[in-house]
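> Sequence below, structure please.
(2 chains)
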Amino acid sequence: MIGNDIVDFKQAAKDSNWKRPRFLDKTFTQKEQSIILSSENKDQTVWLLWSIKEAAYKAYVREFEHSFFNPKRIQCQLGLNNESVVNIDDKIYYSRSIITSEYVHSTASNNKGKLPKIELFKLSEANQSEAVRTRLIKQVSNDKKRNLNSLKLKKTALGVPNLFLNNQQIFEALSISHHGEYGAYAIC
Amino acid sequence: MTKDELIAKLKTIVQPYIQDETAFANLSENTDFISDLKINSANLVDVILDVEDEFDIRIENDDMEKMISVKSAMDIINEKLAQK
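Now for the predicted structure:
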């Protein structure tokens, strides 16, 4: 099971003020907070940890078909080379992140040896959610040499996306994300 | 506080963060913060903090975990107000 998440730093600065009282306490464990506060680029560390938590959470929701809102229950241990280990209760996820000056993107998988294939792109369209879906469908249509209209993206009641080719689900797992000017998807 | 007053207060709190105007206009007890109003999850933390400030209550993470819809938020707010 996999998940991915992207945070556009510019958009995050517009949307959220993580410095407001109690924000960090609601969101990060004591250990994560000390990593944030001792880091050189605190904004970047906040959104790195956030994106890792989101990616692992998406993998969890796909696996257990259960949603919850408690970012602190998702605990990150940052490792070398932007690889992290994430715990949600007794479940373990392995995450890998890409950090640039513009964004951070993280993927997570419950299988260490099976990190997903990622596509990451800049979006100029107003309807980003639609734009990411279109990109995904075009790419898969090209790869599999199938007609665009034979591919349909559907989401479960909990928002977990799956791609169908003539009503047959074609990937074991799929995860879509977009934020600000960036979009991404992960497939395995 | 009546149910309608509470919904009205919640509506004011979530307004800055919503990304689906239609779902917001039709907000009811059954509205989900993420799947209907499309509030991004980082902003859901802000919603919880704004609720705490507005009602002068504190919401522990175990309660926060359930606050994913208008109905569950109302239940938790009422519970906390009753404890005051």
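
> drop to CA atoms for contacts and neighbour counts, all remaining ones
Will do.

> Can you pull the residues of chain A lying near chain B?
Contact residues, chain A versus chain B (Cα under 8 Å from any Cα of the partner chain): A:Asp15, A:Ser16, A:Arg22, A:Phe23, A:Lys26, A:Thr27, A:Phe68, A:Phe69, A:Asn70, A:Lys72, A:Leu158, A:Gly159.

> Surely A:Phe164 and A:Leu151 touch.
Yes: with contact defined as Cα atoms under 8 Å, A:Phe164 reaches A:Leu151; the gap is 5.6 Å.

> In terms of packing, which of these two has more residues around it?
Legend: neighbour count by other Cα atoms under 10 Å in any protein chain shown for A:Phe164 and A:Leu151, higher for A:Leu151 (21 against 16).

> Wait, that one touches A:Asn166, no?
Yes: A:Leu151 is in contact with A:Asn166 according to Cα under 8 Å; the separation is 6.5 Å.

> picking that back up, just among the residues of chain A next to chain B, which is most surrounded?
That'd be A:Thr27 among the residues of chain A next to chain B, by other Cα under 10 Å, with 23 neighbours.

> Let me know whether that residue touches A:Asn70 as I believe.
Yes: between A:Thr27 and A:Asn70 there is a contact under Cα under 8 Å: 7.4 Å.

> Where does the prediction get shaky in chain A?
Scanning chain A for pLDDT under 70 picks out nothing.

> what about A:Gly113, neighbour count?
What A:Gly113 shows, counting by other Cα under 10 Å, is a neighbour count of 8.

> Helix, strand or coil: sort out whatever residue of chain A ends up closest to chain B for me.
Proximity of chain A to chain B (Cα to the nearest Cα) peaks at A:Phe69, 4.3 Å away. With DSSP: H, G, I helix; E, B strand; the rest coil as the basis, A:Phe69 sits in coil.

> For residue 71, which non-adjacent residue is closest in space?
Just going to use chain A. Among residues not flanking A:Pro71 along the chain, A:Thr27 sits closest, at 5.1 Å (Cα to Cα, 6 or more residues apart in numbering or on different chains).

> Chain B, not that one
B:Glu29 (4.7 Å).

> and A:Gln44, what does it touch?
A:Phe9, A:Val104 (Cα atoms under 8 Å, 6 or more residues apart in numbering or on different chains).

> Confirm it sits in a helix?
Yes: judged by three-state DSSP, A:Gln44 forms part of a helix.

> measure it to B:Glu5 for me?
40 Å (Cα to Cα, to the nearest Å).

> and what of A:Ile187?
To B:Glu5, A:Ile187 is 45 Å away according to Cα to Cα.

> try A:Glu63
Distance of A:Glu63 to B:Glu5, given as Cα to Cα: 39 Å.

> residues of stretch B:7-26 that come out buried?
Of all the residues in stretch B:7-26, those buried under the rule 16 or more other Cα atoms under 10 Å in any protein chain shown are B:Ile7, B:Leu10, B:Lys11, B:Ile13, B:Val14, B:Tyr17, B:Ile18, B:Ala23, B:Phe24.

> Okay, domains of chain A per the record?
Annotated domains of chain A cover A:2-115, A:120-187 [automatic domain parsing].

> quick one: contacts for the residue located most distally from the centre of chain A?
Using Cα atoms, centre = their mean, the residue of chain A lying farthest from its centre is A:Asn147. It sits 28.1 Å away. Residues in contact with A:Asn147, defined by Cα under 8 Å, 6+ apart, are A:Ser141.

> For it, give its distance to A:Phe171.
Relative to A:Phe171, A:Asn147 is positioned 17 Å away (Cα to Cα).

> Kindly report the same for A:Leu151.
12 Å.
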